[in-house]
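In: quick one, what's the 3D model for this:
(one chain, ligands or ions: 1)
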Amino acid sequence: MDIISENRAFGGRHIRYSHASKVTNCTMTFAVFLPPFASKDNPVPVLYWLSGLTCTDENFMQKAGAMKLAAQLGMAIVAPDTSPRGDDVADAPDGAYDLGLGAGFYVDATQAPYAKHYQMYSYITQELPELIESNLPVTRERAISGHSMGGHGAIMIGLRNPRRYTSVSAFSPVSNPTDCPWGHKAFGAYLGEDKSTWQTYDSAELLRSEKHEVPLLVEQGNDDQFLQEQLKPEALVNAAQQSDSQLTLNMHDGYDHSYFFIASFIDEHLEFHASHLGLI
Ligand SMILES: N[C@@H](CCC(=O)N[C@@H](CS)C(=O)NCC(=O)O)C(=O)O
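Out: A predicted model of the protein is given here:
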């Protein structure tokens, strides 16, 4: 891992790293916040944060205001990039913001030209935690959260890997990607037209399919411009009811899709994860 930059923050450290990824076949970038006193003798649990469309590792760390409370709680945060990057990494043919670079959708692509690099599911669930757990002062206790496309990623990954994550949360998630324009476009391009493979990456479908025990918290603004067409949190509510799974969905009047919304409620999510990680 190569350090891109390092800054002291709230008594801890914010560090950006790059590394060669065998899974995505390119150089990947991620950011980590390490709380004060995190050390080999005092390893800390990790909250993984998956960002949304157009984001890099930087948006969450700079805009969410999460580091102060994470420092107090003794929780590390890892914010990966949202797609593979580089000159030979395929982008959307028209450079659209919702496919290709900045829009990996946390799936393992099977279709050309994306399959060579767009292996974000394996990267997030396997390669990245292995790298972090062997190089940084962290435990193997993990929680996962994210926003929008990353909210889809967090719920989908948490439901598919219940033993790997103690708790799951999301802000404004793309809840039912097999039934919205962003999901149709991305899953069609990355996974092909056989929709049976799409289901395995769909949070609402996964939640509907069986009773899930993992603690699940979702925050959603009522004034979110993507709410009706893309996000559809009611699909999660219906799915949780059908499978008798636990889900807390908090709706908030007047809040939109932006990081102003995330910053307003991030403390509740950090405390939710801290309680399940045994930090409070
Ligand atoms: N086309 C819009 C949609 C992109 C968007 O809203 N991205 C969200 C995630 S889905 C975001 O977090 N943007 C970056 C930021 O606000 O820092 C844009 O480019 O502004």
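In: for the closest residue to the ligand within the stretch 101-250 of the chain, what are its contacts?
Out: As assessed by Cβ to the nearest ligand atom, the ligand sits closest to residue 148 within the stretch 101-250 of the chain, at 3.4 Å. In short, each C-beta sits where N, CA and C put it, glycine included. Contact analysis of residue 148 by Cβ atoms under 8 Å, 6 or more residues apart in numbering lists 52, 53, 171, 172, 173, 174, 226, 231, 257.
In: ok, which of the residues you listed also contact the ligand?
Out: When contact is defined as Cβ under 6 Å from any ligand atom, those meet the ligand at 52, 53, 257.
In: looks like the second one contacts residue 149 (just checking).
Out: Pointing back at residue 53 there. Yes - counting by Cβ atoms under 8 Å, residue 53 touches residue 149, with 5.1 Å between them.
In: more neighbours: which of those two?
Out: residue 149 (30 against 23; other Cβ atoms under 10 Å).
In: which positions in the stretch 51-200 of the chain make contact with the ligand?
Out: Neighbours of the ligand within the stretch 51-200 of the chain, by Cβ under 6 Å from any ligand atom: 52, 53, 54, 55, 59, 63, 97, 147, 148, 149.
In: only whichever of the residues you listed are buried, select them in PyMOL.
Out: Buried members of those, defined by 16 or more other Cβ atoms under 10 Å, are picked up in PyMOL with:
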select buried, resi 52+53+55+59+63+147+148+149
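In: need the residues of the stretch 51-200 of the chain next to the ligand in a markdown table (columns: pLDDT and secondary structure).
Out: Listed next are those as a markdown table, based on pLDDT from 0 to 100; DSSP: H, G, I helix; E, B strand; the rest coil:
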| residue | pLDDT | secondary structure |
| --- | --- | --- |
| 52 | 99 | coil |
| 53 | 98 | coil |
| 54 | 98 | coil |
| 55 | 98 | coil |
| 59 | 98 | helix |
| 63 | 98 | helix |
| 97 | 98 | coil |
| 147 | 99 | strand |
| 148 | 99 | coil |
| 149 | 99 | helix |
